[in-house]
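Chemist: Just need the structure, nothing else, for what follows:
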Amino acid sequence: MHPPIRNGMPARQLGAHGWTKPWSDDAGGACVEVKKLADGRVAVRQSTDPDGPALVFTSGEMSSFLSGVKEGDADFLL
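Modeler: Next up, the predicted model:
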C-alpha cells in the first residue's frame, strides 16, 4: 500500500518516472521538476534533491500560480 499523497512527503514516494524539467537555471544545476499526478494534482521537487520533499498543489492552485506569474505578480522576486 502506498502512503497518502501529501505536501512535504519524500518525492521518491511519488515514483521515479514522469518528472519533467520545464524550468531550469542557465548553470545547468538547479532545476525545478514537476509531475502531474493521477488525481490531477501537480508535485514539484528540486532536481538536485530528488529524494527531498515534494510540494503538492491542486490543479486550481497551479493554474492560479501560473496565471499570476504570467501577469507579472512574481516579478518582485527578480
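Chemist: Can you list the strands that the helix or strand of the chain at the bottom of the mean pLDDT ranking pairs with?
Modeler: Least confident helix or strand, the chain: strand 20-24 with a mean of 79, by mean pLDDT, DSSP states H and E. With DSSP bridges as the test, strand 20-24 is paired with strand 31-36 (antiparallel).
Chemist: next one: the partner strand to chain centre, how far?
Modeler: Here the centre of strand 31-36 is set off from its chain's centre by 4 Å, with C-alpha atoms, centre = their mean, to the nearest Å.
Chemist: helix/strand/coil for the residue nearest to the spatial centre of the chain?
Modeler: What sits nearest the mean C-alpha location of the chain, by C-alpha atoms, centre = their mean, is residue 44, with 1.4 Å. At residue 44 the chain is in strand, as set by DSSP: H, G, I helix; E, B strand; the rest coil.
Chemist: Tell me, how many residues neighbour the closest residue to residue 32 other than its chain neighbours?
Modeler: Excluding its sequence neighbours, the residue lying closest to residue 32 (C-beta to C-beta, 6 or more residues apart in numbering) is residue 23, at 4.7 Å. All C-beta atoms are positioned from the backbone trio N, CA, C, and that covers glycine. By other C-beta atoms under 10 Å, the residues close to residue 23 number 12.
Chemist: cool, residue 14 as well?
Modeler: Here the number of neighbours of residue 14 (other C-beta under 10 Å) works out to 19.
Chemist: can you pull the contacts of it?
Modeler: Applying C-beta atoms under 8 Å, 6 or more residues apart in numbering to residue 14 gives the contacts 5, 35, 37, 43, 54.
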